[in-house]
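Engineer: Sequence plus the predicted model coming up.
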Amino acid sequence: MTEVNEPPKGAIPNGDGAEPLLKLRGIDKHFGPVQALYGVDLDLPAGQVTGLCGDNGAGKSVLTRTIAGVHQPDHGQIYFQGKPVHIRSARDASALGIETVYQDLALADNLDIVQNMFLGREKLRRGLLDEDSMEKTAAETLSTLRVTTVRSIRQPVASLSGGQRQSVAVAKAVMWNSKLVLLDEPTAALGVVQTRSVLDLIKRLRDRGLAVMVISHNLNDVFEVADRIAVLYLGRMVVQGPAADFDRQSVVEYMTTGTASGRPYEPSASASGEG
Amino acid sequence: MTADPGETPATTSARTVDLTEDAKVEAVDIPPELVAQSLGQYTRAWLRQLRSGNSGVLPVVAAIVIVAVVFEIITPEHAFLRPSNLVFIFGLSTVYMVLAIAETAVLLLAEVDLSVGAVALIGGVIAFKLVQQPGANWPWWLALLAALVICGAIGAAQGVLTAILRIPSFVVTLAGFLLFSGILIVILGGADSSVNLNTSDPNQNIIYEMVQGLISPVVGWIVLVVLVVAYGASLWLRTTSRRRQGLTAPPLALIAIRIALVAIIGAAVVIICSVNRGSALKSVTGIPWVIPIVLVVLGIWTLVLGRTRFGRYIYAIGGNPEAARRAGVNVPGIRIWAFALCSATAALGGILLGSFFFGEYSTNTADPGQLVLYSIAAAVIGGVSLFGGRGKAIHGILGGLLIGSIAYGVSLLSLGSLSTPLEYILPGAVLLAAVLIDVLSRRGSGGVNRV
């Protein structure tokens, strides 16, 4: 059991073999007596979507918050663009270009789309809010992401559908030259059509060269967008690799048992061919 | 998306995923000026918004009209709409207006300040005492400033208890209300004492004149024209500049209507104030100083709430404090400042109250309990949401006018023993109606707990 749970050290396929944008090595995290993460290794390459899977309590949220700067690891090292970094706060993460879209989206319902996208980073002109300039920038960002179903970017977020809200939250995250976007259950509350448009949006982020990590329970969505898949089981990273190396059955087995019976994970020989 | 083909989305591009299922929600909930390109479209969008329960200032304006008509009919000799009474109502209402605007700053945070009445009166008494301090001889403006700063500090202290220790503001300011009501009696000098301004002293007279003083009608007209031109020019320039930049802007006809409305209301006020309300022997005409004073308060708070980061963060905290916190907003700091500015603004309202009562504070005229209830009622009736995040300074003005009209109208009825209960019952009924509208419009817009 222990051997199987050990991550395949030194043999983590990184897409084309280049240095991944974000690299976690041996991350430990405990809260009081509860050990949440055991020596987690994870690679998040640029221009790829990594799907992070795991059952409830596997440590997905703790791992995400560790990258986002909410938690600090007890042991282990985070490398960003090859350099070791310490991410002590959400502000540190933003400074590096790491943005997180939490499941609750953190939008103020009473503010409009522009106001939400610029919340905390408003542009000023002569000491007053420069609404026109913010509105133009927000409109550009939304149109490059092809989020065009909203009637007016001046409408309050309360009037948006779940999918539109998710899109606004994602657009808010990528507007600041971010390099890595973490999405926590981006489709959990959405209907079929809206899920479709959010998944399309995630693919557009990848096409723009961003590294994306999608935390999801929904394997349909993961297989739809992910280039790479990583599975956490009871705080351990049991497997990660190109999505092509997995099928639904094996991911479910990794998520529920930490191993896949009869088909132990083997890094694909042609790892460089993916993406 | 829906029926009206004229209202295409403002932005369209190559590939659009049409989320048709949401079109209905959208159509009713967007401020009409955002999507309308012509006056007809604006009217239709506005009517649709009305039907969905999102009625804006319409209920309070309608209520003001109804109250005016009803009181005109039922008051003896149909006296309610006499210019002398209307000017008196303006004076009385300005106190509630300023206090309601102060309360708005805190209500927007989804907090409440029950101490505004007591703090306002303390501010007023401090200012009155300072200008007549024997020997010290404080100039009126310094006394006024001192009252604002002291009350601001009181507000900041209550804000610290609420924002840092997270004691519900309801409890903190209820304690503050009782505490400062008691202190008020102490600084008044006992339960039956009063503080009076000596109007023969020019320095004290300036504070007395804040409500009682009059601007001559000619000056009033000039000020009105300047204000309307300035308002119109700024509105027009902003609209045309947005057009130039390719941003959506309300139709020009709508701008013209808005400017005309402001001009008409302003002219009506000046005309009412220009009618001789004295006797044939001694004529009294002119606009009370307090009207431009209230306009300045309105202008400052509109600017602060609408065009500054501080104001934006107040709305954000009222809408979703967690979102504000994650966006890097210093949530406790904003809360403390809002409480401080609320109390400082309230202090000005308290000074106006003393001036309105002919430069006198006594425990008869200064009732902190009634004052705070009327202020909160005025803000909520005007359209400020009790649940935070929705409301503007102008709502305090409209609500204050309605409360002032009701309070004075009841006193005109000369109902004897019925008069005092009605002064509570009528605003109470109106407040209940206003809260119902608030709750229903939130339900209609689907803005609550929608994740």
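Structural biologist: Structure received.
Engineer: Show me which residues of the stretch 151-300 of chain B sit near chain A.
Structural biologist: Counting by C-beta under 8 Å from any C-beta of the partner chain, the stretch 151-300 of chain B comes close to chain A at B:241-242, B:245, B:247-248. All C-beta atoms are positioned from the backbone trio N, CA, C, and that covers glycine.
Engineer: Can you flag the buried ones in the residues you listed?
Structural biologist: B:242, B:247-248 (16 or more other C-beta atoms under 10 Å in any protein chain shown).
Engineer: Among those residues, which lie within helices?
Structural biologist: B:R242 (DSSP state H).
Engineer: Give me the pLDDT value at the most centrally placed residue in chain B.
Structural biologist: Geometric centre of chain B, nearest residue: B:G396, 1.8 Å, by C-alpha atoms, centre = their mean. According to the prediction, B:G396 has pLDDT 95.
Engineer: What distance do you get for it to B:L305?
Structural biologist: Distance, B:G396 to B:L305, using C-beta to C-beta, to the nearest Å: 11 Å.
Engineer: any common contacting residues for the two?
Structural biologist: Counting by C-beta atoms under 8 Å, 6 or more residues apart in numbering or on different chains, the contacts common to B:G396 and B:L305 are B:T104.
Engineer: Could you list which residues are in contact with the residue nearest to the centre of chain B?
Structural biologist: B:97-104, B:298, B:378-379, B:382, B:384.
Engineer: wait, which of those residues is closest to chain A?
Structural biologist: Chain A lies nearest to B:V384 out of the contacts of B:G396, by C-beta to the nearest C-beta, at 12.1 Å.
Engineer: ok, back up a step: save the contacts of B:G396 as JSON lines, and put in secondary structure and neighbour count too.
Structural biologist: JSON lines is the format used below for the contacts of B:G396 (DSSP: H, G, I helix; E, B strand; the rest coil; neighbours: other C-beta atoms under 10 Å in any protein chain shown):
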{"residue": "B:M97", "secondary structure": "helix", "neighbour count": "31"}
{"residue": "B:V98", "secondary structure": "helix", "neighbour count": "32"}
{"residue": "B:L99", "secondary structure": "helix", "neighbour count": "33"}
{"residue": "B:A100", "secondary structure": "helix", "neighbour count": "35"}
{"residue": "B:I101", "secondary structure": "helix", "neighbour count": "35"}
{"residue": "B:A102", "secondary structure": "helix", "neighbour count": "31"}
{"residue": "B:E103", "secondary structure": "helix", "neighbour count": "31"}
{"residue": "B:T104", "secondary structure": "helix", "neighbour count": "31"}
{"residue": "B:L298", "secondary structure": "helix", "neighbour count": "18"}
{"residue": "B:A378", "secondary structure": "helix", "neighbour count": "35"}
{"residue": "B:A379", "secondary structure": "helix", "neighbour count": "35"}
{"residue": "B:G382", "secondary structure": "helix", "neighbour count": "31"}
{"residue": "B:V384", "secondary structure": "coil", "neighbour count": "29"}
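Engineer: Any chance of JSON lines for these, columns pLDDT?
Structural biologist: Converted to JSON lines, these look like this (pLDDT from 0 to 100):
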{"residue": "B:M97", "pLDDT": "96"}
{"residue": "B:V98", "pLDDT": "97"}
{"residue": "B:L99", "pLDDT": "97"}
{"residue": "B:A100", "pLDDT": "97"}
{"residue": "B:I101", "pLDDT": "97"}
{"residue": "B:A102", "pLDDT": "97"}
{"residue": "B:E103", "pLDDT": "96"}
{"residue": "B:T104", "pLDDT": "96"}
{"residue": "B:L298", "pLDDT": "96"}
{"residue": "B:A378", "pLDDT": "93"}
{"residue": "B:A379", "pLDDT": "94"}
{"residue": "B:G382", "pLDDT": "91"}
{"residue": "B:V384", "pLDDT": "92"}
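Engineer: Of the residues you listed, which is the nearest to B:W337?
Structural biologist: Taking C-beta to C-beta as the measure, B:W337 lies nearest B:A102 of those, at 13.1 Å.
Engineer: from memory the closest one sits against B:V116, does it?
Structural biologist: Yes. With contact defined as C-beta atoms under 8 Å, B:A102 counts as touching B:V116 (5.8 Å).
Engineer: Mind listing the shared neighbours of these two?
Structural biologist: B:342-343, B:346, B:349, B:375.
Engineer: Now intersect these with the helices, please.
Structural biologist: B:342-343, B:346, B:349, B:375.
Engineer: do you know how far B:L178 is from chain A?
Structural biologist: 33 Å (C-beta to the nearest C-beta, to the nearest Å).
Engineer: I'd assumed that residue was in a strand, is it?
Structural biologist: No. Counting by DSSP: H, G, I helix; E, B strand; the rest coil, B:L178 is not part of a strand but helix.
Engineer: How many residues are close by it?
Structural biologist: 15 (other C-beta atoms under 10 Å in any protein chain shown).
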